[in-house]
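Q: sharing a model that was predicted from the sequence below.
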Amino acid sequence: MSEETLKKERDFHDQWAATIDIEEIHVSDYFEACTAPENRFILHHLGEVKGRTLLDVGCGAGENSVYFAQKGAQCVASDYSPGMVEVALKLAEKNGVSIKGHVGNAMAFDFPDNSFDIVYVANLLHHLPDPKLALQELYRVVKPEGKVCFWEPLKHNPIINVYRQMATEVRTEDEHPLDMNIIPFVESLFEQTQWDTFWIATLWIFLRFYLIERVNPNEERYWKKIILEKDRLEPEYRRLEQMDRWLKQIPVMKRMAWNLAVVATK
C-alpha cells in the first residue's frame with residue numbers, strides 16, 4: 001500500500017509540475033505575506049540561516065529553497081516528484097541563486113546521519129503513509145542542535161474538512177491531515193519544541209471565496225489564492241487574525257485551526 005500511495009503522489013505532483021508557470025511565483029510572499037502565518041512563525045524561531053546547510057523536504061515548486069538560498073543558506077531541494085525538483089531548479093535559476101536538486105523518499109533518505117543544520121518541510125507529512133517514520137528520518141539527518149521545521153494541515157476543523165471534500169481535483173485521495181497528537185510525538189524526539197496553530201476565524205476567507213465570490217475550489221487552489229491575493233485580503237485577514245489570537249487562549253480551540261507549525265531542536 002505504501003508503494004502504491006507514493007506512486008500516486010509522485011504521478012499527481014509530476015502532472016501538477018508540468019502546469020506550473022515560474023513567472024507567476026513571487027518567492028518572498030510565501031514567507032512574508034500576512035497570509036503566510038505559518039512561515040512567519042517558523043522564521044521567527046529559526047534564526048540566522050546564512051551559511052547553514054538546509055534540506056527542503058517535499059520542495060514542490062522550490063519557493064522555500066529559493067527563499068532560503070536568497071538568505072544565504074546552502075539548500076538541497078528534495079522531492080519524490082522528479083517534475084517538481086526540475087521546476088525548483090528552474091525557479092532558482094530565474095531568481096539568480098544556486099540550489100541542489102534531489103529526488104528521494106522522505107521516509108528513507110539516502111543522506112548520512114547528521115547531514116544538515118536545518119530541515120524544512122512544508123505540507124508534506126500528510127501526503128505520506130507514515131508521517132512518524134518521516135519525522136524520525138528528519139531527526140536522523142539533522143545535526144545535533146540543528147532544527148527541524150514543518151507546517152501541516154490538521155484534521156479537526158469541520159469547515160476545512162468540507163473544503164477538502166469539495167476540492168477533490170486539486171488534492172490526492174490518500175492525503176491524511178495530521179492529528180494534534182503529533183505534537184507529543186515530536187516532543188519525545190527533540191530536545192525542544194515550539195509550535196502554534198493558525199487559521200480559525202481567518203477561515204472565513206475560505207468561506208467568502210466559496211459563498212460570496214463563487215470561486216470553484218477545483219479550479220483555484222484556495223491555499224494558493226490567499227498568497228497571490230495577499231494585498232486585497234490583508235485588511236480583513238488582520239482583523240480576523242486578531243480574533244484568532246483571542247480564540248487560541250482557549251486551549252481546546254487550537255485544535256480547530258487549519259494548520260500547525262513546528263520548530264523543533266535536536
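A: Yep, that arrived.
Q: for this structure, name the helix or strand with the lowest mean pLDDT.
A: Sorting the helices and strands of the chain by mean pLDDT, DSSP states H and E puts helix 2-17 at the bottom, at a mean of 78.
Q: the strands in the chain, which residues?
A: Applying DSSP state E to the chain gives strands spanning 53-57, 74-79, 100-103, 116-122, 142-153, 192-198, 259-265.
Q: buried set for the fifth one?
A: Of the residues in strand 142-153, those scored as buried under the neighbour-count criterion (16 or more other CB atoms under 10 Å) are 142, 143, 146, 147, 148, 149, 150, 151, 152, 153. No exception for glycine: its C-beta is placed from N, CA and C like everyone else's.
Q: what about the fourth one, distance to residue 191?
A: Yep, that's residue 147 we're talking about. 10 Å (CB to CB, to the nearest Å).
Q: any common contacting residues for those two?
A: Counting by CB atoms under 8 Å, 6 or more residues apart in numbering, the contacts common to residue 147 and residue 191 are 265, 266.
Q: who touches the closest residue in space to residue 82 that isn't next to it in sequence in this structure?
A: Among residues not flanking residue 82 along the chain, residue 103 sits closest, at 5.2 Å (CB to CB, 6 or more residues apart in numbering). Shown in contact with residue 103 (CB under 8 Å, 6+ apart): 78, 79, 80, 81, 82, 85.
Q: in the sheet, which residues pair with residue 103? Tell me.
A: For residue 103, the beta-bridge partners under DSSP bridges are residue 79.
Q: what's the distance between it and residue 110?
A: Applying CB to CB to residue 103 and residue 110 gives a distance of 10 Å.
Q: still on that earlier bit, so what does the least confident helix or strand of the chain touch, helix or strand wise?
A: Counting contacts by 3 or more CB pairs under 8 Å, 6 or more residues apart in numbering; DSSP states H and E, helix 2-17 packs against helix 82-94.
Q: so how far is stretch 258-266 off the chain centroid?
A: In terms of CA atoms, centre = their mean, to the nearest Å, the centre of stretch 258-266 is found 10 Å from the chain centre.
Q: sorry, slip of the keys, the one I care about is stretch 84-103.
A: Counting by CA atoms, centre = their mean, stretch 84-103 is centred 18 Å from the centre of its parent chain.
Q: now do stretch 145-156
A: Computed by CA atoms, centre = their mean, the chain-centroid distance of stretch 145-156 equals 8 Å.
Q: pLDDT on it, on average?
A: Averaged over stretch 145-156, pLDDT sits at 96.
Q: so who does residue 110 touch?
A: residue 104.
Q: sorry, wrong one. I was asking about residue 202.
A: By CB under 8 Å, 6+ apart, the residues touching residue 202 are 237, 240, 241, 243, 244.
Q: kindly recompute the last result at 6 Å.
A: 240, 241, 244 (CB atoms under 6 Å, 6 or more residues apart in numbering).
Q: ok, what's across the strand from the closest residue to residue 254 other than its chain neighbours?
A: In space, and not counting its chain neighbours, residue 254 is closest to residue 197: 4.7 Å by CB to CB, 6+ apart. Under DSSP bridges, the beta-bridge partners of residue 197 are residue 260.
Q: tally of neighbours for residue 197?
A: Here the number of neighbours of residue 197 (other CB atoms under 10 Å) works out to 25.
Q: likewise for residue 83?
A: So residue 83, with other CB under 10 Å, has 20 neighbours.
Q: shouldn't it be in contact with residue 17?
A: Yes: here residue 83 lies in contact with residue 17, judged by CB atoms under 6 Å, at a distance of 3.3 Å.
Q: what are the buried residues along the helix of greatest length in the chain?
A: In terms of residue count, the longest helix belonging to the chain (DSSP state H) is helix 230-247. For helix 230-247, the neighbour count (16+ other CB under 10 Å) marks 230, 233, 237, 240, 241, 244, 247 as buried.
Q: nearest residue to residue 51 other than its sequence neighbours?
A: Nearest non-adjacent residue to residue 51 (CB to CB, 6+ apart): residue 72, at 6.0 Å.
Q: what does the one you found show for phi and psi?
A: Main-chain torsions, residue 72, degrees, to the nearest 10: phi 100, psi 10.
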